[in-house]
Structures are given as structure tokens and as C-alpha cells.
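> Got a sequence here, can you model it:
(chains A and B)
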Protein chains: 2
Amino acid sequence: MDAHRTIDWRELDTSLCSIHRTLAVIGDKWTMLLIRDAANGVRRFDDFRRHVGVSEAVLSDRLKHLVSQEILETREYQEPGQRRRHEYRLTAKGWELFPVLVALAQWGDDHLPQPGGQPWRIEHTACGHPVRAEVHCTHDGETLGPRDTRVVRNARRRARTRT
Amino acid sequence: MDAHRTIDWRELDTSLCSIHRTLAVIGDKWTMLLIRDAANGVRRFDDFRRHVGVSEAVLSDRLKHLVSQEILETREYQEPGQRRRHEYRLTAKGWELFPVLVALAQWGDDHLPQPGGQPWRIEHTACGHPVRAEVHCTHDGETLGPRDTRVVRNARRRARTRT
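Numbering: from 1, shown residues only, chains lettered A, B, ... in the order given. Model prediction:
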């Protein structure tokens, strides 16, 4: 992006930056792993705890945080003879982290190879081909690398839907 | 993704998962903010320190980490009358985090609105329209939501280029 900078990034107060604010909400390793597990159908406290390998105290804290941020929502369930409990599901806002999850996974897949390979992949259900997270232009649909883009100062907030 | 799961996610050892491994490398708030700044042309120790608002000790540690992971590389420079120093630039591997950065930024932009709005945006240099990070199929190019995809067990590692 820097080849076409139109602003001096160092002069921007980036405490207002969307990346900064997103990381303030989800930029914790356990939080991202819980979101990953929720996206893959994990719903119950004990399943998160066992699968992510996180302590009860940290898990409880992170789930509360994710509910307060409306990334997860709770639903009651009750097994026979047990007390009522909550399970956790991604909200629409939480599901919109899908491109973040895919982008993180593909970078690891491309750049952190491991013996035996990646144990899972995400594919397009309809055709069985793998998916990619890519950046493209909302106008002409072109797939863009960082050198095709530039960072510009925003005079004011745009409308939420930019397509 | 869970509507079409073909595996029980809870039975996967996700310590081998690409998301997990990526977060082990970049899943620290300071690290991501340094990558963000590097993508926007920040190169020098003092500029990172001032702009990101991070202590010298943490900054030094995170820059070393990013160099050891080949996300940043160093180049020597020398100002007149000063000793030689290093500046830091993203490698090709580092630049491939571009979809992660854009995906983080757009989620914040969409879901964490703030008074006064986001101070900057990324646009397609050629046409001036905003960019989006989206997931699509490498075969038919369709833009996909999580419900259009499924997670499958990988028999073995695929070839790196999947287009």
C-alpha cells in the first residue's frame, strides 16, 4: 500500500483505526480460537474447554466478553436430570468474521507448512473446491494486491454498505 | 460452516490447525499493529514506537520476532553524522497478510462504528472505489458466506497454489 500513500500514516491517530478497534475486541489468541470453534459447531462450555485447552476461568471470561460484544449469543438447553445451561452460538455479527478466519487459515496454510499437513480445509460445498480470502474492488471486482491499493484519509464515515 | 460439517470438529487436534499456528506467530495485538504500520510505510524503530505507542522493550522484542519469522526484513540506513541503523520492511510473506488486515479493518468498520468515523480507508488506486476482503471459490469465483462452505478432513497437504 505504501507505494501509493496519499497520507503520512505516522500522522494519523490510529487509536481510532478499525484494525486497532477490532483487535481490542477479538485480538486475543483465546478469543479467536473460541470464535473458530464456534464457527465449527462447538457450542457448550465443556466442549470449548476441552477442545481449545483453556482454563475454566479464562474461558468463562472470554465467553462473557464475546456475548457482551454480541459476537456470541446464548441459548438455554437442558439435558434430562441436569440443570439448565447455556450454549453459545455466533450471531450475524460474529459470522461476519468469516473472512478473518479464512484469511488467517490460508496464511498459515501457505506459509507455515508442517509435517503431515493441515488436518482440515474449507471447501465450497456446491463444488468441493477450496476457498480463498482475497481483497477485491467493490466496483470492478478485480482481485487486488496491496500495490493496487492506497490508503486515503476519510473525510467522513461512509455508508455501511459499500457494494 | 457448521450446517454442512462432514467431520466432528471437536475430534480434530486443532493444535495442528492453520489458524492456531498463524495466531501463534501474529496473534498478539502489538504484532498485528506493527504489521499494519509496516504495510503503511512505517520503517524505523522510533516511528513504530511513537506511532503504535509501545514501549521500547516490547517493540524490540516484537520486531525481532517478526524478522525471525520472515515477516519483516531489515535494511541498513545511515543518516549523516549518525551510526548505522536498521529499518524494517515487509517481506513477500508479510505482504500476504494483506487479506487479514483488510478483513480486520472492514469488520471494525462495519460493526464498531465510532463518532466521527473511521479516519482512513483503503481504496483501489485505479478507480478510487473501496475494497472488500471476501471469501470466494477458487473454481467458480463465487463469493461465499460461511453457509456456502464446509470443513472437510484433509487426507494430505494440498499443493500451495490452489487456483
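> Report the mean per-residue pLDDT for stretch A:139-149.
Stretch A:139-149 carries an average pLDDT of 95.
> got the buried residues for that stretch?
By 16 or more other Cβ atoms under 10 Å in any protein chain shown, the buried positions in stretch A:139-149 come out as A:139, A:144, A:146, A:148-149. Glycine gets a C-beta too; all of them are placed from N, C-alpha and C.
> Chain B next: which of these are close?
For chain B, the contacts drawn from the buried residues of stretch A:139-149 by Cβ under 8 Å from any Cβ of the partner chain are A:139, A:144, A:146, A:148-149.
> Tell me the secondary structure of residue A:151, please.
State at residue A:151, reduced to three classes by DSSP: H, G, I helix; E, B strand; the rest coil: strand.
> I figured residue A:122 was touching residue A:99, is that so?
No. Using Cβ atoms under 8 Å, residue A:122 is not in contact with residue A:99, being 11.5 Å away.
> what residues do those two have in common as contacts?
By Cβ atoms under 8 Å, 6 or more residues apart in numbering or on different chains, residue A:122 and residue A:99 have no common neighbours.
> Might you report the residue contacts of the closest residue to residue A:76 other than its chain neighbours?
Among residues not flanking residue A:76 along the chain, residue A:84 sits closest, at 5.4 Å (Cβ to Cβ, 6 or more residues apart in numbering or on different chains). Residues counted as contacts of residue A:84 (Cβ under 8 Å, 6+ apart) are A:76-78.
> how about the helices of chain A, start to end?
A:18-26, A:29-39, A:45-48, A:56-68, A:92-95, A:98-111 (DSSP state H).
> how near is the most centrally placed residue in chain A to residue B:10?
Nearest residue to the geometric centre of chain A (Cα atoms, centre = their mean): residue A:97, 3.5 Å. In this structure, residue A:97 and residue B:10 are 20 Å apart, going by Cβ to Cβ, to the nearest Å.
> cool, and residue A:72?
Distance, residue A:72 to residue B:10, using Cβ to Cβ: 17 Å.
> and the two? which has more neighbours close in?
Set side by side, residue A:72 and residue B:10 show more neighbours around residue A:72, with 24 against 15, by other Cβ atoms under 10 Å in any protein chain shown.
> if we can go back for a sec, out of the contacts of residue A:84, flag the one nearest to chain B.
For the contacts of residue A:84, the closest approach to chain B (Cβ to the nearest Cβ) belongs to residue A:77, at 15.9 Å.
> I'd like the distance between that closest one and residue A:60.
18 Å.
> okay, among the ones next to chain B among the buried residues of stretch A:139-149, which ones form the most distant pair?
Largest separation among these by Cβ to Cβ: A:139 and A:146, giving 18.0 Å.
> Any regions of chain A where pLDDT drops low?
A:1-6, A:155-163 (pLDDT under 70).
> let's see 80
A:1-16, A:114-119, A:154-163 (pLDDT under 80).
> mind listing what residue A:109 touches?
A:118, A:121, B:18.
> Which of the residues you listed has the largest number of neighbours?
residue B:18 (24 neighbours).
> In contact with the nearest residue to it once chain neighbours are set aside, which residues?
Closest residue to residue B:18 apart from its sequence neighbours, by Cβ to Cβ, 6+ apart: residue A:108 at 3.1 Å. Residue A:108 makes contact with A:118, B:17-22, B:25, according to Cβ under 8 Å, 6+ apart.
> Dump the residues you listed into JSON lines; add distance to residue A:64 as well.
Shown next, in JSON lines, are the contacts of residue A:108 (distance: Cβ to Cβ, whole Å):
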{"residue": "A:118", "distance to residue A:64": "31"}
{"residue": "B:17", "distance to residue A:64": "24"}
{"residue": "B:18", "distance to residue A:64": "28"}
{"residue": "B:19", "distance to residue A:64": "22"}
{"residue": "B:20", "distance to residue A:64": "23"}
{"residue": "B:21", "distance to residue A:64": "27"}
{"residue": "B:22", "distance to residue A:64": "25"}
{"residue": "B:25", "distance to residue A:64": "28"}
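> Most neighbours out of those, which is it?
Within those, most neighbours by other Cβ under 10 Å means residue B:19, with 27 neighbours.
> Burial check on residue A:32, number of neighbours?
If you count neighbours by other Cβ under 10 Å, residue A:32 ends up with 21.
> Identify the residues contacting it.
Contacts of residue A:32 by Cβ under 8 Å, 6+ apart are A:26, A:104, B:19, B:23, B:27.
> Then residue A:23?
Residue A:23 touches B:29, B:32-33, B:104, counting by Cβ under 8 Å, 6+ apart.
> Comparing the helices of chain A, which comes out most buried?
Mean neighbour count (mean count of other Cβ atoms under 10 Å in any protein chain shown) peaks for helix A:98-111 among the helices of chain A, with a mean of 24.
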